[in-house]
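Peer 1: Any chance you can model this:
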Amino acid sequence: MRFLPRKHRKPPTVIVVALIDVLMVVLIFMVVSTTFKNQAAVRLALPESSQAQREAAVSKALVITVAKEAPHFYFGTEPVEEAALEAELKKAMEGNPGRGLSIRSDTDAPFGKIIKVMDAAKAAGVKGVKAFTKEAGGG
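Peer 2: Numbers count the residues shown, from 1 in each chain. The predicted structure is shown next:
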């Protein structure tokens, strides 16, 4: 005995081609955005050292980059004016006063600019200053 008549429902129509198009656009966006994530802001030719440390040893330190052309100073990937360097270091040191500073400098960067970074670090209360180098004979 059937009390309710069965309705023949039509399955919903899903346009699979449109879903595949959207999926491909999202996939291309993800591939492109993750490919360029670790690009350096400034190209540097690091000086060679036979005592060079791996980058992991200084990964928790603040990083200041000194380029050979203006703007000379980069805090992370953002350019910083020479006058604002000390203030930026003080602001970064507020959260963790035990952090060190790592200087990445081009081999042709003016040495006076490296001294300016070291002076600003000392005034900001940075305890340890290290320099990025590459291993002698390495690439």
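Peer 1: Contacts only, for the closest residue to L62 other than its chain neighbours.
Peer 2: Of all residues not flanking L62 in the chain, L101 sits nearest, at 5.0 Å (Cβ to Cβ, 6 or more residues apart in numbering). All C-beta atoms are positioned from the backbone trio N, CA, C, and that covers glycine. With contact set as Cβ atoms under 8 Å, 6 or more residues apart in numbering, L101 has these partners: A61, L62, V63, I64, L89, V117, A121, V126, G128, V129, K130.
Peer 1: Need the pLDDT of L101.
Peer 2: On the pLDDT scale, L101 is placed at 86.
Peer 1: any idea how far it is from K127?
Peer 2: As judged by Cβ to Cβ, to the nearest Å, L101 and K127 stand 9 Å apart.
Peer 1: Please name the bridge partners of the residue nearest to L62.
Peer 2: Beta-bridge partners recorded for L101 (DSSP bridges): L62, V129.
Peer 1: Longest helix in this protein, please.
Peer 2: Using DSSP state H to define each element, the chain has its longest helix at helix 16-35.
Peer 1: helices or strands up against that one?
Peer 2: Contacting helix 16-35 under the criterion 3 or more Cβ pairs under 8 Å, 6 or more residues apart in numbering; DSSP states H and E is no other helix or strand.
Peer 1: How far off centre is it?
Peer 2: Offset of helix 16-35 from its chain centre (Cα atoms, centre = their mean, to the nearest Å): 25 Å.
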